[in-house]
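[1] heads up, no residue letters with this:
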(Lines give C-alpha, C1' and ligand atoms only; values in the text may rest on other atoms or scores of the structure.)
Protein backbone atom coordinates (compact mmCIF):
# COMPACT_ATOMS: atom_id res chain seq x y z
CA UNK A 1 0.00 0.00 0.00
CA UNK A 2 1.27 3.48 -0.86
CA UNK A 3 2.31 5.64 2.15
CA UNK A 4 -0.09 8.48 1.28
CA UNK A 5 -2.96 5.98 1.38
CA UNK A 6 -1.77 4.28 4.56
CA UNK A 7 -1.62 7.45 6.67
CA UNK A 8 -5.39 8.24 6.56
CA UNK A 9 -6.16 4.63 7.52
CA UNK A 10 -3.82 4.80 10.49
CA UNK A 11 -5.33 8.12 11.59
CA UNK A 12 -8.79 6.53 11.58
CA UNK A 13 -7.71 4.11 14.31
CA UNK A 14 -6.45 6.77 16.69
CA UNK A 15 -8.79 7.36 19.60
CA UNK A 16 -10.84 10.55 19.36
CA UNK A 17 -9.85 13.33 21.74
CA UNK A 18 -13.08 14.75 23.11
CA UNK A 19 -12.54 17.15 25.96
CA UNK A 20 -14.35 16.50 29.24
CA UNK A 21 -14.06 17.98 32.70
CA UNK A 22 -12.30 14.86 33.92
CA UNK A 23 -9.52 15.39 31.37
CA UNK A 24 -8.61 18.70 33.05
CA UNK A 25 -8.30 17.28 36.56
CA UNK A 26 -4.67 17.77 37.61
CA UNK A 27 -4.65 14.55 39.59
CA UNK A 28 -5.75 12.66 36.47
CA UNK A 29 -3.04 14.27 34.34
CA UNK A 30 -0.37 13.51 36.96
CA UNK A 31 -1.58 9.93 37.32
CA UNK A 32 -1.44 9.24 33.57
CA UNK A 33 1.95 10.93 33.18
CA UNK A 34 3.52 9.01 36.06
CA UNK A 35 2.01 5.72 34.90
CA UNK A 36 3.33 6.12 31.35
CA UNK A 37 6.79 7.05 32.63
CA UNK A 38 6.89 4.09 35.01
CA UNK A 39 5.19 1.38 32.96
CA UNK A 40 5.53 2.34 29.29
CA UNK A 41 8.73 4.34 28.84
CA UNK A 42 10.92 2.26 31.13
CA UNK A 43 13.58 -0.13 29.76
CA UNK A 44 11.28 -3.02 30.70
CA UNK A 45 7.75 -1.84 29.88
CA UNK A 46 4.77 -3.56 31.45
CA UNK A 47 3.41 -6.39 29.31
CA UNK A 48 -0.22 -5.98 28.21
CA UNK A 49 -2.29 -9.21 28.56
CA UNK A 50 -3.07 -10.96 25.28
CA UNK A 51 -6.85 -10.46 25.46
CA UNK A 52 -6.30 -6.70 25.79
CA UNK A 53 -3.76 -6.59 22.97
CA UNK A 54 -6.26 -8.39 20.75
CA UNK A 55 -8.62 -5.46 21.34
CA UNK A 56 -5.79 -3.03 20.51
CA UNK A 57 -5.20 -1.74 24.02
CA UNK A 58 -1.78 -0.09 24.33
CA UNK A 59 0.29 0.69 27.39
CA UNK A 60 -0.60 4.44 27.45
CA UNK A 61 -4.29 3.55 27.02
CA UNK A 62 -3.99 1.11 29.91
CA UNK A 63 -2.57 3.92 32.02
CA UNK A 64 -5.42 6.20 30.98
CA UNK A 65 -8.04 3.57 31.90
CA UNK A 66 -6.38 2.70 35.22
CA UNK A 67 -6.18 6.37 36.17
CA UNK A 68 -9.81 6.95 35.27
CA UNK A 69 -10.83 4.15 37.60
CA UNK A 70 -8.47 5.33 40.37
CA UNK A 71 -9.55 8.99 40.21
CA UNK A 72 -13.23 8.04 40.01
CA UNK A 73 -13.01 5.78 43.08
CA UNK A 74 -11.20 8.52 44.98
CA UNK A 75 -13.84 11.12 44.05
CA UNK A 76 -16.71 8.84 45.08
CA UNK A 77 -15.01 8.19 48.44
CA UNK A 78 -14.61 11.95 48.92
CA UNK A 79 -18.24 12.63 48.05
CA UNK A 80 -17.36 14.39 44.80
CA UNK A 81 -19.31 13.96 41.55
CA UNK A 82 -18.20 11.44 38.93
CA UNK A 83 -16.70 13.16 35.89
CA UNK A 84 -16.47 12.07 32.27
CA UNK A 85 -13.15 11.44 30.53
CA UNK A 86 -12.69 11.90 26.77
CA UNK A 87 -16.44 12.37 26.34
CA UNK A 88 -17.42 9.18 28.15
CA UNK A 89 -18.25 8.00 31.63
CA UNK A 90 -15.49 5.96 33.32
CA UNK A 91 -17.05 2.54 32.69
CA UNK A 92 -15.64 -0.58 34.26
CA UNK A 93 -14.62 -2.67 31.28
CA UNK A 94 -15.11 -6.42 30.91
CA UNK A 95 -12.37 -8.48 29.24
CA UNK A 96 -11.22 -5.35 27.49
CA UNK A 97 -14.71 -4.32 26.33
CA UNK A 98 -15.22 -0.65 27.14
CA UNK A 99 -19.02 -0.56 27.51
CA UNK A 100 -20.22 -4.13 28.18
CA UNK A 101 -23.96 -3.41 28.52
CA UNK A 102 -24.13 -1.30 25.37
CA UNK A 103 -22.35 -4.11 23.51
CA UNK A 104 -24.73 -6.73 24.93
CA UNK A 105 -27.85 -4.76 24.04
CA UNK A 106 -26.49 -3.95 20.57
CA UNK A 107 -25.98 -7.67 19.94
CA UNK A 108 -29.51 -8.42 21.17
CA UNK A 109 -30.90 -5.76 18.82
CA UNK A 110 -29.01 -7.35 15.94
CA UNK A 111 -30.35 -10.74 16.97
CA UNK A 112 -33.90 -9.33 16.95
CA UNK A 113 -33.42 -8.36 13.30
CA UNK A 114 -31.96 -11.75 12.46
CA UNK A 115 -34.84 -13.61 14.11
CA UNK A 116 -37.26 -11.19 12.49
CA UNK A 117 -35.87 -12.00 9.06
CA UNK A 118 -36.32 -15.70 9.75
CA UNK A 119 -39.95 -15.13 10.73
CA UNK A 120 -40.59 -13.13 7.54
CA UNK A 121 -39.15 -15.89 5.41
CA UNK A 122 -41.04 -18.64 7.18
CA UNK A 123 -44.43 -16.95 7.49
CA UNK A 124 -44.82 -14.90 4.31
CA UNK A 125 -44.84 -16.11 0.68
CA UNK A 126 -41.56 -15.67 -1.16
CA UNK A 127 -43.36 -13.75 -3.89
CA UNK A 128 -44.83 -11.25 -1.45
CA UNK A 129 -43.97 -7.92 -3.17
CA UNK A 130 -42.58 -6.30 -0.03
CA UNK A 131 -40.31 -9.21 0.88
CA UNK A 132 -37.24 -7.74 -0.84
CA UNK A 133 -37.65 -4.40 0.95
CA UNK A 134 -38.16 -6.08 4.32
CA UNK A 135 -35.17 -8.34 3.75
CA UNK A 136 -32.92 -5.34 3.14
CA UNK A 137 -34.40 -3.69 6.23
CA UNK A 138 -33.24 -6.71 8.24
CA UNK A 139 -29.77 -6.76 6.70
CA UNK A 140 -29.23 -3.04 7.29
CA UNK A 141 -30.52 -3.42 10.84
CA UNK A 142 -28.07 -6.24 11.55
CA UNK A 143 -25.16 -4.26 10.06
CA UNK A 144 -26.17 -1.16 12.03
CA UNK A 145 -26.19 -3.00 15.34
CA UNK A 146 -22.95 -4.85 14.54
CA UNK A 147 -21.24 -1.49 14.06
CA UNK A 148 -22.82 -0.30 17.32
CA UNK A 149 -21.43 -3.32 19.18
CA UNK A 150 -18.02 -2.74 17.57
CA UNK A 151 -17.94 0.91 18.60
CA UNK A 152 -18.94 0.22 22.20
CA UNK A 153 -16.34 -2.53 22.38
CA UNK A 154 -13.52 -0.16 21.42
CA UNK A 155 -13.95 3.53 20.81
CA UNK A 156 -11.79 4.58 17.87
CA UNK A 157 -12.51 7.21 15.24
CA UNK A 158 -13.10 4.44 12.69
CA UNK A 159 -15.53 2.47 14.88
CA UNK A 160 -17.35 5.65 15.88
CA UNK A 161 -17.89 6.62 12.25
CA UNK A 162 -19.03 3.15 11.26
CA UNK A 163 -21.53 3.32 14.12
CA UNK A 164 -22.86 6.71 13.02
CA UNK A 165 -22.97 5.82 9.33
CA UNK A 166 -24.70 2.52 10.13
CA UNK A 167 -27.31 4.28 12.25
CA UNK A 168 -27.83 6.86 9.50
CA UNK A 169 -28.32 4.12 6.91
CA UNK A 170 -30.85 2.42 9.17
CA UNK A 171 -32.85 5.62 9.62
CA UNK A 172 -32.73 6.54 5.93
CA UNK A 173 -33.74 3.07 4.80
CA UNK A 174 -36.65 3.24 7.23
CA UNK A 175 -37.85 6.35 5.41
CA UNK A 176 -37.28 4.68 2.03
CA UNK A 177 -39.51 1.64 2.51
CA UNK A 178 -42.10 3.46 4.64
CA UNK A 179 -44.07 5.07 1.73
CA UNK A 180 -43.62 1.94 -0.38
CA UNK A 181 -45.77 0.09 2.15
CA UNK A 182 -48.06 2.89 3.26
CA UNK A 183 -48.95 4.13 -0.23
CA UNK A 184 -48.51 0.69 -1.82
CA UNK A 185 -46.01 1.90 -4.37
CA UNK A 186 -45.18 -1.73 -5.15
CA UNK A 187 -48.39 -2.00 -7.20
CA UNK A 188 -47.75 -2.14 -10.97
CA UNK A 189 -49.30 1.28 -11.62
CA UNK A 190 -46.99 2.99 -9.10
CA UNK A 191 -43.87 0.82 -9.30
CA UNK A 192 -42.12 3.29 -11.64
CA UNK A 193 -41.92 5.73 -8.70
CA UNK A 194 -39.75 3.44 -6.57
CA UNK A 195 -36.51 3.82 -8.54
CA UNK A 196 -36.36 7.65 -8.46
CA UNK A 197 -37.38 7.55 -4.78
CA UNK A 198 -34.55 5.09 -4.12
CA UNK A 199 -32.05 7.30 -5.96
CA UNK A 200 -33.19 10.34 -3.97
CA UNK A 201 -32.80 8.54 -0.63
CA UNK A 202 -29.41 7.15 -1.65
CA UNK A 203 -28.22 10.59 -2.79
CA UNK A 204 -29.30 12.15 0.51
CA UNK A 205 -27.51 9.46 2.49
CA UNK A 206 -24.29 9.73 0.46
CA UNK A 207 -24.36 13.51 0.80
CA UNK A 208 -24.79 13.09 4.56
CA UNK A 209 -21.81 10.73 4.77
CA UNK A 210 -19.70 12.95 2.53
CA UNK A 211 -20.43 16.03 4.64
CA UNK A 212 -19.50 14.28 7.88
CA UNK A 213 -16.44 12.53 6.52
CA UNK A 214 -14.92 15.17 4.26
CA UNK A 215 -16.36 18.54 5.29
CA UNK A 216 -16.83 18.52 9.07
CA UNK A 217 -17.61 15.91 11.67
CA UNK A 218 -20.54 17.70 13.29
CA UNK A 219 -22.35 15.81 16.08
CA UNK A 220 -25.17 18.36 16.26
CA UNK A 221 -25.83 18.20 12.53
CA UNK A 222 -25.73 14.39 12.55
CA UNK A 223 -28.27 14.22 15.37
CA UNK A 224 -30.52 16.80 13.71
CA UNK A 225 -30.41 14.99 10.36
CA UNK A 226 -31.37 11.66 11.93
CA UNK A 227 -34.13 13.24 14.01
CA UNK A 228 -35.66 14.95 10.95
CA UNK A 229 -35.57 11.82 8.79
CA UNK A 230 -36.79 9.60 11.62
CA UNK A 231 -39.59 12.02 12.50
CA UNK A 232 -40.92 11.94 8.95
CA UNK A 233 -41.09 8.14 9.11
CA UNK A 234 -42.70 8.26 12.55
CA UNK A 235 -45.38 10.71 11.41
CA UNK A 236 -46.18 8.59 8.36
CA UNK A 237 -46.48 5.39 10.39
CA UNK A 238 -48.59 7.13 13.03
CA UNK A 239 -50.95 8.46 10.34
CA UNK A 240 -51.05 4.98 8.80
CA UNK A 241 -51.93 3.41 12.16
CA UNK A 242 -54.75 5.84 12.84
CA UNK A 243 -56.19 5.32 9.36
CA UNK A 244 -55.84 1.53 9.42
CA UNK A 245 -57.30 1.15 12.88
CA UNK A 246 -60.22 3.37 11.89
CA UNK A 247 -60.93 1.16 8.89
CA UNK A 248 -60.26 -2.27 10.39
CA UNK A 249 -60.91 -1.89 14.13
CA UNK A 250 -58.06 -4.35 14.70
CA UNK A 251 -55.56 -3.68 17.50
CA UNK A 252 -52.62 -4.94 15.47
CA UNK A 253 -53.33 -2.27 12.83
CA UNK A 254 -52.35 0.36 15.42
CA UNK A 255 -49.08 -1.35 16.34
CA UNK A 256 -46.81 0.97 14.26
CA UNK A 257 -48.13 4.02 16.11
CA UNK A 258 -47.68 2.31 19.47
CA UNK A 259 -44.15 1.24 18.56
CA UNK A 260 -43.31 4.79 17.47
CA UNK A 261 -44.61 6.09 20.81
CA UNK A 262 -42.47 3.53 22.67
CA UNK A 263 -39.34 4.59 20.77
CA UNK A 264 -39.96 8.29 21.35
CA UNK A 265 -40.32 7.68 25.08
CA UNK A 266 -37.21 5.49 25.07
CA UNK A 267 -35.21 8.22 23.32
CA UNK A 268 -35.90 10.49 26.28
CA UNK A 269 -33.36 8.36 28.17
CA UNK A 270 -30.68 9.99 26.04
CA UNK A 271 -31.62 13.32 27.62
CA UNK A 272 -31.25 11.93 31.16
CA UNK A 273 -27.51 11.37 31.12
CA UNK A 274 -26.26 10.14 34.49
CA UNK A 275 -23.17 8.40 35.88
CA UNK A 276 -23.41 4.67 35.14
CA UNK A 277 -24.98 2.38 37.71
CA UNK A 278 -22.43 -0.12 38.93
CA UNK A 279 -19.86 1.64 36.75
CA UNK A 280 -21.42 -0.10 33.74
CA UNK A 281 -25.06 0.77 32.97
CA UNK A 282 -25.79 4.29 31.76
CA UNK A 283 -28.63 6.06 29.93
CA UNK A 284 -27.24 5.22 26.49
CA UNK A 285 -27.09 1.51 27.32
CA UNK A 286 -30.67 1.65 28.62
CA UNK A 287 -31.76 3.29 25.35
CA UNK A 288 -30.25 0.35 23.46
CA UNK A 289 -32.06 -2.03 25.80
CA UNK A 290 -35.38 -0.27 25.19
CA UNK A 291 -35.14 -0.78 21.41
CA UNK A 292 -34.99 -4.59 21.54
CA UNK A 293 -38.68 -5.29 22.22
CA UNK A 294 -39.93 -2.75 19.63
CA UNK A 295 -37.77 -4.49 17.01
CA UNK A 296 -39.36 -7.85 17.83
CA UNK A 297 -42.79 -6.21 17.88
CA UNK A 298 -42.17 -4.52 14.53
CA UNK A 299 -41.46 -7.82 12.78
CA UNK A 300 -44.65 -9.25 14.26
CA UNK A 301 -46.48 -6.35 12.67
CA UNK A 302 -44.79 -6.87 9.29
CA UNK A 303 -45.80 -10.54 9.34
CA UNK A 304 -49.38 -9.81 10.45
CA UNK A 305 -49.73 -7.01 7.93
CA UNK A 306 -48.26 -9.17 5.18
CA UNK A 307 -50.65 -12.01 5.94
CA UNK A 308 -53.57 -9.60 5.83
CA UNK A 309 -52.52 -8.26 2.44
CA UNK A 310 -52.16 -11.75 1.01
CA UNK A 311 -55.44 -13.01 2.51
CA UNK A 312 -57.38 -10.01 1.21
CA UNK A 313 -55.74 -10.04 -2.20
CA UNK A 314 -54.06 -6.66 -1.66
CA UNK A 315 -50.53 -7.89 -2.29
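    Received, thanks. On a predicted model such as this, the values are computed, not experimentally measured, just so you know.
[2] quickly note the distance from the nearest residue to residue 306 once chain neighbours are set aside to residue 116.
    With sequence-adjacent residues excluded and distances taken as CB to CB, 6 or more residues apart in numbering, residue 306 is closest to residue 124, at 4.5 Å. In short, each C-beta sits where N, CA and C put it, glycine included. Noted for residue 124: a distance of 12 Å to residue 116, by CB to CB, to the nearest Å.
[3] same question for residue 141.
    Remark: distance between residue 141 and residue 116 (CB to CB) = 8 Å.
[4] same thing with residue 155?
    Note on residue 155: its distance to residue 116, by CB to CB, is 28 Å.
[5] one step back: what do residue 141 and residue 116 both touch?
    Common neighbours of residue 141 and residue 116, using CB atoms under 8 Å, 6 or more residues apart in numbering, are residue 295.
[6] tell me where the model's unsure across the chain.
    Within the chain, the ranges that satisfy pLDDT under 70 run 1-20, 309-315.
[7] mind listing the helices for it?
    In the chain, the helices defined using DSSP state H lie at 3-12, 26-35, 50-54, 59-77, 100-123, 131-153, 157-182, 194-210, 219-248, 255-267, 283-290, 292-311.
[8] okay, those helices in CSV with distance to residue 275 next?
    Formatted as CSV, the helices of the chain follow (distance: least, CB to CB, whole Å):
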stretch, distance to residue 275
helix 3-12, 30
helix 26-35, 16
helix 50-54, 25
helix 59-77, 9
helix 100-123, 14
helix 131-153, 17
helix 157-182, 22
helix 194-210, 32
helix 219-248, 21
helix 255-267, 20
helix 283-290, 10
helix 292-311, 24
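[9] will you turn those into a markdown table that also has distance to residue 42 and mean neighbour count?
    As requested, the helices of the chain are arranged in a markdown table below (distance: least, CB to CB, whole Å; neighbours: other CB atoms under 10 Å):
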| stretch | distance to residue 42 | mean neighbour count |
| --- | --- | --- |
| helix 3-12 | 26 | 9 |
| helix 26-35 | 11 | 15 |
| helix 50-54 | 18 | 12 |
| helix 59-77 | 10 | 17 |
| helix 100-123 | 31 | 19 |
| helix 131-153 | 29 | 20 |
| helix 157-182 | 29 | 20 |
| helix 194-210 | 44 | 13 |
| helix 219-248 | 38 | 15 |
| helix 255-267 | 48 | 17 |
| helix 283-290 | 37 | 20 |
| helix 292-311 | 46 | 18 |
